[in-house]
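J.: heads up, no residue letters with this:
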DNA sequence: ACCAAAGAAATCCTTATGATATGAATAAAG
DNA sequence: CTTTATTCATATCATAAGGATTTCTTTGGT
């Protein structure tokens, strides 16, 4: 049972002639005869009544005609619906990211990609690196922006942004000009972001400085910590990214000594097919790297 | 663009695997790979994302999936619709009916239709009017015989049989010669058929007579009620149809006053194509109307 | 104007082969 | 002793070549 057979049948029924139907389908007349014959065999029903030189649908043919027309129309609709996808007008990119990277890095990149490709459908999932990477491996995400290192052998990591960690204090607090070191920081009331790679980096940095991290409180939100520090409740060590934009008039920030940075990476599956939308987003991200958070 | 290709695509998308899809279609895996590839080439869109050992539909694929499913379903419908026409004489008519109408009206009509068309395949579904009509609209039934009124804009109703409701009492009970009225009946122990249009008619009839229906017991089977009345457990009001045949020697039956009848209708879909089998059954039914339950 | 038969063309399927990812088992390191 | 790399076996999809089937055209009836 073929589309061609149905199409030919419709033509024959409409035109009342095998020859005319053949002509319209750019076929020879015997080909059409055969198609109808096969269709009739397949369905076990006579579809076209050959009387004299007229070809006329039987009752069964008449009923099939309505079905066939609908099927052909549906088919055209299916084809039609693929056009936006074909021309690269439509697309989808599912991004996973940590909260900080998302807030300060992705909006610009997303808007750039959207400007290039208005039909692009971008979704973002915020989560911790582990979950994000698991989803990436399961291919329920197309792209991730997470703190390195990112494990997983099926994943490809591209260094993307170096985000220096800063000591943060309330405005007016005194801070060593060369930057506070681990010993200095360990004497302050520390509000720390809980969990994640960033937290681990800070712990290692303090260990290297000979002291242990003794957080006074832990929070799940960098934004919350910023507010608390600004209100004078303690010090913190936060990603520079999160300090670029606002609250600078209530906060004192300086790079720690020795320098400590977390490196953000763009992660995709090694075998991921790069759609146009995905390429646009990647390009926009790499451009953002050059001029970060300038918005 | 082939049905097979679409079918394979649907299978791959649903099963998430080329190999599994191949197995289901009784093909080899490369055949399925090729079909998908050709389909993708034809449409100019990537439909299945092959990532790792999993296969999942792209956004374009997801959209095509809905179309493809519909097309395949339409095709099956087309094929199905040819079955009644097949081999001239064979066919199938699916009838839905209430239990009473079925037992006393349909057997005769069915045997008549079968005599005319021995190859005809007739199936009957018993149920309440609502379910039957729903199935009729869904085209999983071809014809229904139910108590009117039958709602449904896509349905065509033909009045078919007037079935007088009779007061039924155990043999020997005294009954007004002109027929019992509502007041009279309300003093008896009443066994009533539960639910349905017939029940509603009786309620209205008693309301019109100034009394309320106070059933002693309700049953789901007219046959059961007949037995109980015959056993002297009470009175009832039943369709005359159900009293024509048997048990007359144990039952006293008389039309109620004022006369009360339920009207049975033949219902088909307005756009239903009349196959020969269906026409035969309709004809047989209309003949039965003239000489009801004489068998 | 449609049907039938035979050869030609195209399509489609299968077998065989290769590449890649996954999962388990094993070895190495903190 | 748990965690992280490495290795190997296995499962999956892609590709290529050969062969079988289908389908079309040509030619000659009815």
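T.: Here it is on my side, so go on. The model shown is predicted, which means the values in this text are computed figures rather than measured ones.
J.: Give the helix, strand or coil label for the closest residue to residue A:223 other than its chain neighbours.
T.: Ranked by C-beta to C-beta, 6 or more residues apart in numbering or on different chains and with sequence neighbours excluded, the top spatial neighbour of residue A:223 is residue A:242, at 7.5 Å. Bear in mind the C-beta positions are built from the backbone N, C-alpha and C, glycine included. Reducing the assignment at residue A:242 to three states with DSSP: H, G, I helix; E, B strand; the rest coil gives helix.
J.: residues contacting residue A:242?
T.: By C-beta atoms under 8 Å, 6 or more residues apart in numbering or on different chains, the contact list for residue A:242 reads A:100, A:103-104, A:222-223, A:226.
J.: Look up how far residue A:40 lies from it.
T.: Distance of residue A:242 to residue A:40, computed by C-beta to C-beta, to the nearest Å: 73 Å.
J.: Repeat that for residue A:198.
T.: 72 Å.
J.: The helix or strand bottoming out on mean pLDDT in chain A near DNA strand D at all?
T.: Among the helices and strands of chain A, strand A:48-51 carries the lowest confidence by mean pLDDT, DSSP states H and E, at a mean of 78. No - contact of strand A:48-51 with DNA strand D (C-beta under 7 Å from any atom of the strand) is absent, the minimum separation being 10.9 Å.
J.: Give me the helices and strands touching the next helix or strand after that strand, please.
T.: Downstream of strand A:48-51, the next assigned helix or strand under DSSP states H and E is strand A:54-57. When contacts are defined as 3 or more C-beta pairs under 8 Å, 6 or more residues apart in numbering or on different chains; DSSP states H and E, strand A:54-57 sits against helix A:3-15, strand A:48-51.
J.: comparing these, which gets the lowest mean pLDDT score?
T.: Ranked on mean pLDDT, the bottom entry among the helices and strands packed on strand A:54-57 is strand A:48-51, at a mean of 78.
J.: So which bits of that one are buried?
T.: residue A:48 (16 or more other C-beta atoms under 10 Å in any protein chain shown).
J.: Ok, stretch A:216-229 next?
T.: Quick answer for stretch A:216-229 (16+ other C-beta under 10 Å): A:219, A:222, A:225-226, A:228-229.
J.: what does it rub up against?
T.: In contact with stretch A:216-229 (C-beta under 8 Å, 6+ apart) are residues A:99-100, A:103, A:168-170, A:189-195, A:234-236, A:238-239, A:242-243, A:247, A:251.
J.: May I see the PyMOL selection of the buried members of those residues?
T.: Those of these that meet the burial criterion (16+ other C-beta under 10 Å) are gathered into one PyMOL selection, given here:
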select buried, chain A and resi 99+100+103+168+169+170+190+191+192+193+234+235+236+238+239+242+243+247+251
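J.: distance of the residue most central in space within chain A from residue A:273?
T.: For chain A, residue A:94 is the residue whose C-alpha lies nearest the centre (C-alpha atoms, centre = their mean; 1.8 Å). Residue A:94 is 14 Å from residue A:273, where distance means C-beta to C-beta.
J.: Kindly report the same for residue A:219.
T.: Taken as C-beta to C-beta, the span from residue A:219 to residue A:273 is 40 Å.
J.: Just confirm yes or no for the longest strand along chain A near DNA strand D.
T.: Taking DSSP state E as the criterion, chain A has its longest strand at strand A:155-170. No - using C-beta under 7 Å from any atom of the strand, we find that strand A:155-170 stays clear of DNA strand D, coming within 12.0 Å at best.
J.: How far does that strand sit from its chain's centre?
T.: Chain-centre distance of strand A:155-170: 22 Å, with C-alpha atoms, centre = their mean, to the nearest Å.
J.: and that strand, which residues are buried?
T.: For strand A:155-170, by 16+ other C-beta under 10 Å, it's A:155, A:157, A:160-161, A:163, A:165-170.
J.: Quick check: next helix or strand after that strand?
T.: Scanning forward in sequence from strand A:155-170 by DSSP H and E, the next helix or strand is helix A:182-186.
J.: so what does that following helix touch, helix or strand wise?
T.: Using 3+ C-beta pairs under 8 Å, 6+ apart, helix A:182-186 sits against helix A:196-208.
J.: Report the distance from the helix it packs on to the chain centre.
T.: A distance of 30 Å separates the centroid of the chain from that of helix A:196-208, by C-alpha atoms, centre = their mean.
J.: just checking, residue A:233 touches residue A:191?
T.: Yes - assessed by C-beta atoms under 8 Å, residue A:233 is found in contact with residue A:191 at 7.0 Å.
J.: Residue numbers of chain A in contact with DNA strand D?
T.: Within reach of DNA strand D by C-beta under 7 Å from any atom of the strand, chain A has these residues: A:2, A:4, A:22, A:26-28, A:30-31, A:34-35, A:38, A:151, A:153.
J.: Mind checking which of these land in helices?
T.: If you go by DSSP state H, the residues of chain A next to DNA strand D have A:4, A:22, A:30-31, A:34-35, A:38 in helices.
J.: List just the nearest of these to residue B:47.
T.: For these, the closest approach to residue B:47 (C-beta to C-beta) belongs to residue A:4, at 21.8 Å.
J.: picking up where we left off before, out of the helices and strands packed on strand A:54-57, which gets nearest to chain B?
T.: Minimum separation from chain B across the helices and strands packed on strand A:54-57 (C-beta to the nearest C-beta) falls at helix A:3-15, 6.3 Å.
J.: Contacts only, for residue A:59.
T.: Taking C-beta under 8 Å, 6+ apart, one finds B:85, B:273 in contact with residue A:59.
J.: scratch that, residue A:168
T.: Here residue A:168 is in contact with A:226, A:229, A:235-238, A:243, A:251-253 (C-beta under 8 Å, 6+ apart).
J.: which of those residues lies closest to chain B?
T.: Proximity of the contacts of residue A:168 to chain B (C-beta to the nearest C-beta) peaks at residue A:238, which lies at 36.1 Å.
J.: tell me the SS of the closest one?
T.: Under three-state DSSP, residue A:238 comes out as strand.
J.: Might you report the residue contacts of it?
T.: Counting by C-beta under 8 Å, 6+ apart, residue A:238 has contacts A:165-166, A:168, A:193, A:222, A:225-226, A:253.
J.: Could you give the average pLDDT over the longest helix anywhere in chain A?
T.: Secondary structure of chain A per DSSP H: the longest helix is helix A:59-86. Average pLDDT, helix A:59-86: 89.
J.: What backbone torsions are found at residue A:46?
T.: Residue A:46 has phi and psi values of phi -80, psi 130 when expressed as degrees, to the nearest 10.
J.: For residue A:155, see how far away it is.
T.: According to C-beta to C-beta, residue A:46 and residue A:155 sit 62 Å apart.
J.: Apart from its neighbours in sequence, what residue is nearest residue A:10?
T.: Distances taken as C-beta to C-beta, 6+ apart put residue A:68 closest to residue A:10, at 5.2 Å, once the chain neighbours are dropped.
J.: how much space is there between the one you found and DNA strand D?
T.: The gap separating residue A:68 from DNA strand D is 16 Å, by C-beta to the nearest atom of the strand, to the nearest Å.
J.: how about residue A:159, what does it touch?
T.: Contacts of residue A:159 (C-beta under 8 Å, 6+ apart): A:148, A:263, A:265.
J.: Which one (most neighbours) among those residues?
T.: Highest neighbour count within the contacts of residue A:159, by other C-beta atoms under 10 Å in any protein chain shown: residue A:265, with 20 neighbours.
J.: Distance-wise, check the residue in the stretch 101-250 of chain A that chain B sits nearest to relative to DNA strand D.
T.: Nearest residue of the stretch 101-250 of chain A to chain B (C-beta to the nearest C-beta) works out as residue A:139 at 4.6 Å. To DNA strand D, residue A:139 is 13 Å away according to C-beta to the nearest atom of the strand.
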